[in-house]
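Asker: the following block contains a protein sequence and its predicted model.
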Amino acid sequence: MTTRCSVKPGGISEVRRVEVLAAVKERRSIREFDPQHEVSPAQLETLLEAARWAPSAGNAQPWRFVVVRTPGLRQGLVRAAWGQQFLAQAPVVIVVCADLERARQAYGQRGEALYCLQDTAAAIQNLLLAATQLGLGACWVGAFQEGEVSRLLGLAPGLRPVALIPVGYPAHSPPPRPRRPLSEIAEYR
């Protein structure tokens, strides 16, 4: 049986729209991972591809992704993140970095101070949604010592670690967290 979907010019099909919205609503911050299952290279590539297709100011794409699988390095990330043990329990951690020089070349000081953070945030959200779509769990970790992560991974001077994203199969799926109603957060003028 063939399913028909309507597509408006320049739009996405109704089926894909539902898939995207489902991933948005189903995404959870996962901090407990199933140790019996690894993340495959193909899954990692899918996550990185999703991140790569994020929007960025002037299409500068000021991001770098460091994939950390080595147990010793993951344990080092735990220390840099003030003891957040789930970073070592996940089979892989993706360290999302802002390429400050690339952002500065495109937009000067504002690119380095602001746009590169906005751009990497968009890439992170794409990565998190792709993980959800693949049945993987992930968590956006922003509480860590940037200098310690840079030293641990030997990052080039122009790369700023923005987030640590542990990825793996969830040990369980937590219930959704409450969200504020639109009436509290949206204004129409």
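Answerer: Noted; the coordinates are in hand. These numbers come from a predicted model, not from an experiment.

Asker: endpoints of stretch 131-150, how far apart?
Answerer: Stretch 131-150 has an end-to-end distance of 25 Å (criterion: CA to CA, to the nearest Å).

Asker: name the residues of that stretch that come out as buried.
Answerer: 131-134, 136-141, 144, 148-150 (16 or more other CB atoms under 10 Å). C-betas here are computed from N, CA, C, even on glycine.

Asker: ok, now stretch 170-182?
Answerer: Buried residues in stretch 170-182 (16+ other CB under 10 Å): Pro170, Ala171.

Asker: what about stretch 61-74, start to end distance?
Answerer: 26 Å.

Asker: picking that back up, out of the buried residues of stretch 131-150, which are inside strands?
Answerer: For those, the ones inside strands are Gly137, Ala138, with DSSP state E as the criterion.

Asker: same list (the buried residues of stretch 131-150) but as a markdown table, adding distance to Arg17.
Answerer: Listed next are these as a markdown table, based on distance: CB to CB, whole Å:
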| residue | distance to Arg17 |
| --- | --- |
| Ala131 | 20 |
| Thr132 | 16 |
| Gln133 | 14 |
| Leu134 | 19 |
| Leu136 | 22 |
| Gly137 | 24 |
| Ala138 | 23 |
| Cys139 | 26 |
| Trp140 | 24 |
| Val141 | 30 |
| Phe144 | 35 |
| Glu148 | 42 |
| Val149 | 37 |
| Ser150 | 40 |
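
Asker: and the two most separated of the buried residues of stretch 131-150?
Answerer: Gln133 and Glu148 (32.1 Å; CB to CB).

Asker: which other helices and strands contact the host helix or strand of Arg17?
Answerer: In this assignment (DSSP states H and E), Arg17 forms part of helix 14-26. Contact here means 3 or more CB pairs under 8 Å, 6 or more residues apart in numbering; DSSP states H and E; on that basis helix 14-26 packs against helix 116-133.

Asker: pull the residues that contact the helix it packs on.
Answerer: Residues outside helix 116-133 that contact it (CB atoms under 8 Å, 6 or more residues apart in numbering): 19-20, 23-24, 26-28, 46-57, 60-63, 94, 96-100, 102-103, 137-138, 140, 160, 162-163, 165, 167.

Asker: take those and keep only those in helices.
Answerer: Using DSSP state H, 19-20, 23-24, 26, 46-52, 100, 102-103 are the members of those that sit in helices.

Asker: pull the most distant pair out of those.
Answerer: Among those, Glu19 and Leu100 lie farthest apart (CB to CB), at 34.6 Å.

Asker: neighbour count: these two, which is higher?
Answerer: Per other CB atoms under 10 Å, whichever of Glu19 and Leu100 has more neighbours is Leu100, with 18 against 14.

Asker: can you pull the pLDDT of Arg16?
Answerer: As predicted, Arg16 sits at a pLDDT of 75.
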